[in-house]
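> Please work out how this folds:
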Amino acid sequence: MDRRGWTLTLCALAVGVGLFWGTRAGDTDAPPAAAFDVSGAKVEAAASTPAAPDAIAADPNTKLDLLAALADASQAPPPPPPTFTEPLPRWDAKLVDVLPALKARADAGDHVAACHIGLALSACAWSISLQPSPAEIRQTRSEDDATIERMARLATDTFRPGREKTCADLPASELELRFQYAQQAADAGVGAAMLAYAEGVPLLSIDAILRHPEWLEAHRQRAPRYIAELIRRGDRFAAFLLSMGSDGMQMSLLGKALQMDEVTAATFWYLRQEFMGQPMSPWHGPTPSIERIARERAHALYERYFEPRPFRSGEFKDRFDMMNVERCGLTP
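Residues are numbered from 1 along each chain as shown. So this is what the prediction gives:
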């Protein structure tokens, strides 16, 4: 699936998310202001108590303020996950054959194996959700070339053609494990799992959201902390994803979880331009003071967290595939 496909899918999912808890975002009062000081830049940011990815707030209504969390110099990253020398299966290995061994490793504390399970099963759940139903196939006329072409296109993984074959003969009960293992790996600080979880990859179907509201609630609590940790690690793609939601529409699971105010959204708008070496096109908000503050914060975050190197063409080429299991083994 290309970037446009991801966007359309996440927009559709946002409708289901909004039905579940879209009205909760405005239930709490705004917190008092606190100093935001990064690399010599000092502006005002909302006060918040940051937490590591595995230290989730007990209060489900607690909202992480991204800018305040990233301004906290005392915030320590989570410990690196343990290293295991045993290789993971190839991405195209049939899951029904390799899943028992992977689960044994993950249950013994191998968080890289847990990441592999979470992403691979998410790919299967997503692929299966796109398959035409028997009723749809029966009702399609043999001369209806457009519908036949559409069903064939949906049945093929456009990132990795053939990946859907890894799901053959996989019991439906195994698919239900994807969220558990993705969360285990993300809690342990595995970057690929944090990114996929924050983007809502295990939830990429309306059916999953309706059947598992507890998954959606867990995502709402954890996703902001995972994305903050990825920014601390200098993950340019994570920052790029935040900038894509900077129009304030919140049309994604991550956008709904973050509920960025205009200052925060504008900050990541300018941060993207900093690390991609783009001309500073102005923020489309109405207030000049917001633009000034956002530019200052973006520059401060860039200097503190991001390597000062030119943006490389094709740098994000494989990152849009959120179910790229090879990335599970990469260290920050």
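
> Please count neighbours and contacts with C-alpha atoms only from this point.
OK.

> Phe311 is in contact with Gly277, correct?
Yes - in this structure, Gly277 is within contact of Phe311 by C-alpha atoms under 8 Å, at 6.6 Å.

> gap between the nearest residue to Pro224 once chain neighbours are set aside and Phe179?
Distance criterion C-alpha to C-alpha, 6 or more residues apart in numbering; nearest residue to Pro224, sequence neighbours excluded, is Leu258 at 5.9 Å. From Leu258 over to Phe179 the distance is 19 Å, taken as C-alpha to C-alpha, to the nearest Å.

> Report pLDDT for the residue nearest to Pro224.
You'll see Leu258 listed with a pLDDT of 87.

> Surely Glu274 and Ala300 touch.
No - assessed by C-alpha under 8 Å, Glu274 is found out of contact with Ala300, at 10.3 Å.

> how far away is the closest residue to Arg178 other than its chain neighbours from Pro87?
Nearest residue to Arg178, sequence neighbours excluded (C-alpha to C-alpha, 6+ apart): Gly118, at 4.3 Å. Per C-alpha to C-alpha, Gly118 is found 17 Å from Pro87.

> out of the two, which sits in the busier spot?
Of the pair Gly118 and Pro87, Gly118 is the one with more neighbours under other C-alpha atoms under 10 Å, namely 30 against 9.

> can you tell me which residues contact that one?
Leu177, Arg178, Phe179, Gln180, Tyr181, Ala182, Gln183, Ala193, Pro202 (C-alpha atoms under 8 Å, 6 or more residues apart in numbering).

> how far away is the closest residue to the fourth one other than its chain neighbours from Tyr181?
Right, the one you point to is Gln180. What sits nearest to Gln180 in space, not counting adjacent residues and going by C-alpha to C-alpha, 6+ apart, is Gly118, at 7.4 Å. According to C-alpha to C-alpha, Gly118 and Tyr181 sit 5 Å apart.

> tell me which residues in stretch 116-135 are buried?
By 16 or more other C-alpha atoms under 10 Å, the buried positions in stretch 116-135 come out as 116-132.

> Give me the subset of those residues lying in strands.
Among those, no residue falls in strands (DSSP state E).

> Out of those, which sit inside helices?
Of the buried residues of stretch 116-135, the ones assigned to helices by DSSP state H are 116-130.

> helices or strands next to the host helix or strand of Ala208 in the packing?
Assigned by DSSP states H and E, Ala208 falls within helix 206-211. The helices and strands touching helix 206-211, judged by 3 or more C-alpha pairs under 8 Å, 6 or more residues apart in numbering; DSSP states H and E, are helix 3-21.

> Not counting its neighbours along the chain, what's nearest Cys124?
Nearest to Cys124 is Cys167, by C-alpha to C-alpha, 6+ apart, at 5.5 Å.

> so what's the one you found up against?
Cys167 makes contacts with Lys94, Leu95, Val96, Cys124, as judged by C-alpha under 8 Å, 6+ apart.

> Can you tell me how far the second one is from Gln183?
Leu95 sits 19 Å away from Gln183, taking C-alpha to C-alpha as the criterion.

> Give me the more crowded residue out of those two.
Remark: of Leu95 and Gln183, Gln183 carries more neighbours, 27 against 22, as counted by other C-alpha under 10 Å.

> pLDDT score for the more buried one?
Gln183 is assigned 96 on the pLDDT scale.

> Which of the helices or strands spans it?
Going by DSSP H and E, Gln183 is part of helix 178-187.

> got the buried residues for that helix?
Buried-residue list, helix 178-187, by 16+ other C-alpha under 10 Å: Arg178, Phe179, Gln180, Tyr181, Ala182, Gln183, Gln184, Ala185, Ala186, Asp187.

> which helices and strands does it pack with?
Applying 3+ C-alpha pairs under 8 Å, 6+ apart, one finds that helix 178-187 makes contact with helix 111-130, helix 191-199.

> ok and it relative to helix 111-130, angle-wise?
140 degrees (axes from the mean of the first three to the mean of the last three C-alpha atoms, to 10 degrees).

> Can you get me a residue count around Pro308?
For Pro308, using other C-alpha under 10 Å, the count is 11.

> Give me the local confidence score for it.
87.

> Apart from its neighbours in sequence, what residue is nearest it?
Phe275 (7.7 Å).

> Quick check: pLDDT value at that neighbour.
On the pLDDT scale, Phe275 is placed at 91.

> those strands in the chain, which residues are they?
Secondary structure of the chain by DSSP E: the strands cover 33-38, 41-46.
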